[in-house]
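> Below is the sequence, then the predicted model.
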Amino acid sequence: MALPNGRVRERHIPGSLVAGIRFLGHFEDLPEKFTRLRAVAAEAVMGPGMVLYRGRDPGGAYHLEAAYPVDDEVDGGGVSSRLVPAHRALCLHRQGPVDSPGAVFREVFEVVGREGLDVSTDPPYAVVFLQERSELEPVDADHEVEVRVALMLPGWASQLAAGLERVGGAQARREVLGGLPCPAGGSPEQWAGWVAEALSRLDEQVEDPAVRREALQGCAHRFPDWRIEQMRARYEELGSLDALLVAMRLDQTVQGQSWYESPVRVGGTIYVTKDPVDQEGWKTAADAASRRAAYCHCGLVANARRLGVTLSASHCFCGSGWYDQLWEGILGRPVTIEVLQSILKGDDCCTFAIHLPPGIS
């Protein structure tokens with residue numbers, strides 16, 4: 001995909017094995033983490049240092065990882081290894097300090113907003129140091145780096161293919177995606193058309209909505225794993241799901257709203273209704289269409305609406321996967337998600353039911 005901003009380019013990032021130290025702290029802590037990581041990883045290091053960014057904690061610190069690509073697994077001493085999958089990313093070469101997410105990522109996200117792109121936190125946003133051992137220097141020094149922000153839709157297409165194989169094998173994947181080449185590097189217009197056609201074929205080939213949901217739920221954005229860990233620890237500490245729901249409703253970390261969307265339990269089911277993504281636009285909307293546009297969180301839906309592309313309501317099964325991640329992560333047991341209302345079905349809001357496994361107190 002060609003971008004008007006010549007500094008930000010889309011390219012393929014190969015998969016790699018990385019060893020890293022994850023921590024909650026600040027960017028100025030990074031040189032010390034890299035020093036410790038190099039001492040543990042030693043000769044396994046085979047490439048430049050990188051910072052993986054997973055978001056800001058409500059307390060003000062950042063969820064960061066100092067990491068190196070390695071040629072063998074490195075574990076111990078606070079270091080762990082994992083595979084970063086191949087992906088397509090928006091990439092920017094820049095020179096300057098690496099001391100805050102705003103300084104590092106701002107230019108990329110200006111392009112994201114202007115071009116109507118949808119990005120992913122899986123893999124996490126990355127900053128790769130391009131000068132040898134530069135990562136060991138203070139973060140306010142002048143660093144040459146490559147900034148990488150993964151694009152959502154190539155991964156979305158891969159997850160859909162995997163979901164189809166999971167529910168119906170290779171035959172199901174061929175029936176829905178056969179002859180429909182993925183537009184890797186494509187424009188938002190190309191991707192909107194591709195997704196609309198894929199969903200239409202899914203509706204034609206798979207009658208059971210529960211099976212369609214199973215195929216699509218893995219396409220959802222990744223729920224921040226550190227938030228899941230926090231809620232799981234809180235649940236274990238409180239010993240009561242109802243007490244945890246109260247704590248979730250008291251959360252005010254999204255412009256005065258709860259990140260967890262104020263869940264309410266009725267018997268064996270938790271109900272959540274999403275808050276509008278654009279509160280002011282939703283409140284002042286002149287008509288129902290404008291109000292729905294201000295409500296919906298999905299960048300793909302927003303782009304499709306802007307381009308005059310109609311998406312099947314089955315697309316909202318993708319969003320339901322957000323809740324699988326959270327609640328199965330907290331409870332350690334499978335849950336069943338039901339889409340009760342959605343913007344794509346013509347409703348004024350999006351409401352989901354999380355049906356709990358038996359025996360949850």
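Cool, the structure landed. As the structure is a computational prediction, the values presented were derived from the model and not from experiment.
> so what does the helix or strand harbouring E214 touch, helix or strand wise?
Taking DSSP states H and E as the criterion, E214 maps to helix 209-216. On a contact count with 3 or more C-beta pairs under 8 Å, 6 or more residues apart in numbering; DSSP states H and E, helix 209-216 meets helix 152-177, helix 188-205, helix 316-331. Just so you know, the C-beta spots here come from the backbone N, C-alpha and C atoms, and that holds for glycine as well.
> Distance from the chain centre to the second one, please.
Once both centres are worked out by C-alpha atoms, centre = their mean, to the nearest Å, helix 188-205 turns out to sit 21 Å from its chain's centre.
> Using PDB, write out the CA atom coordinates for that helix.
The C-alpha trace of helix 188-205 is given here as PDB (Å, rounded to 0.1, in the frame of the first residue of the first chain):
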ATOM      1  CA  PRO A 188      -8.600   0.400   3.000                       C
ATOM      2  CA  GLU A 189     -11.000   0.300   0.000                       C
ATOM      3  CA  GLN A 190      -9.600  -3.100  -1.100                       C
ATOM      4  CA  TRP A 191      -9.700  -4.500   2.400                       C
ATOM      5  CA  ALA A 192     -13.200  -3.300   3.100                       C
ATOM      6  CA  GLY A 193     -14.400  -5.000  -0.100                       C
ATOM      7  CA  TRP A 194     -12.400  -8.200   0.700                       C
ATOM      8  CA  VAL A 195     -13.900  -8.400   4.300                       C
ATOM      9  CA  ALA A 196     -17.500  -7.800   3.000                       C
ATOM     10  CA  GLU A 197     -17.100 -10.600   0.400                       C
ATOM     11  CA  ALA A 198     -15.600 -13.000   3.000                       C
ATOM     12  CA  LEU A 199     -18.400 -12.300   5.400                       C
ATOM     13  CA  SER A 200     -21.000 -12.700   2.700                       C
ATOM     14  CA  ARG A 201     -19.600 -16.100   1.700                       C
ATOM     15  CA  LEU A 202     -19.400 -17.100   5.400                       C
ATOM     16  CA  ASP A 203     -23.100 -16.400   5.800                       C
ATOM     17  CA  GLU A 204     -23.900 -18.400   2.700                       C
ATOM     18  CA  GLN A 205     -21.800 -21.400   3.600                       C
END
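> and the direction of it versus that of helix 152-177, what angle?
Counting by axes from the mean of the first three to the mean of the last three C-alpha atoms, to 10 degrees, helix 188-205 points 40 degrees away from the direction of helix 152-177.
> Need the residues that contact helix 188-205.
Identification of contacts with helix 188-205 by C-beta atoms under 8 Å, 6 or more residues apart in numbering yields 115-117, 153, 156-157, 160, 164, 172, 175-177, 180, 182-183, 186, 212, 215-216, 300, 303-304, 307, 309-312, 314-315.
> tell me which residues in it are buried?
Across helix 188-205, burial judged by 16 or more other C-beta atoms under 10 Å covers 188-189, 191-196, 198-199, 201-202, 205.
> where are the low-confidence patches of the stretch 251-361 of the chain?
Along the stretch 251-361 of the chain, no part satisfies pLDDT under 70.
> In it, what residue spans correspond to helices?
Counting by DSSP state H, counting those that start in this stretch, the stretch 251-361 of the chain has helices at residues 279-284, 288-295, 299-307, 316-331.
> Can you report how many residues neighbour the closest residue in space to D251 that isn't next to it in sequence?
Using C-beta to C-beta, 6 or more residues apart in numbering and skipping the chain neighbours, the partner closest in space to D251 is S258 (4.2 Å). Neighbour count for S258, taken as other C-beta atoms under 10 Å: 17.
> Pretty sure S258 sits against A247.
No - assessed by C-beta atoms under 8 Å, S258 is found out of contact with A247, at 9.8 Å.
> Name the residues contacting each of the two.
Counting by C-beta under 8 Å, 6+ apart, nothing touches both S258 and A247.
> show me what contacts D72?
Taking C-beta under 8 Å, 6+ apart, we find D72 in contact with L17, A44.
> quick check, it in a helix?
No - per DSSP: H, G, I helix; E, B strand; the rest coil, D72 lies outside any helix segment and is coil.
> ok so, going back, deepest of the helices of the stretch 251-361 of the chain, which one?
Among the helices of the stretch 251-361 of the chain, ranked by average contacts under mean count of other C-beta atoms under 10 Å, first place goes to helix 316-331 (a mean of 21).
> now that helix and helix 299-307, what's the angle there?
160 degrees.
> Spatially nearest residue to L151 (excluding sequence neighbours)?
R88 (4.9 Å).
> so which helix or strand takes in the one you found?
Per DSSP H and E: strand 87-96 holds R88.
> so what does that strand touch, helix or strand wise?
For strand 87-96, the packing partners by 3+ C-beta pairs under 8 Å, 6+ apart come out as strand 8-13, helix 101-115, strand 143-150, helix 152-177.
> what about G59, neighbour count?
G59: 7 surrounding residues under other C-beta under 10 Å.
> Give me the secondary structure label for it.
Classified using three-state DSSP, G59 is coil.
> Need the phi and psi values for it.
Backbone geometry at G59, expressed as degrees, to the nearest 10, gives phi -80, psi -10.
> so what pLDDT did it get?
G59 is assigned a pLDDT of 90 by the prediction.
> can you redo the helices and strands packed on strand 87-96 as TSV with distance to A61 and mean neighbour count?
TSV is the format used below for those (distance: least, C-beta to C-beta, whole Å; neighbours: other C-beta atoms under 10 Å):
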stretch	distance to A61	mean neighbour count
strand 8-13	27	16
helix 101-115	12	16
strand 143-150	21	21
helix 152-177	26	19
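> No further questions, thank you.
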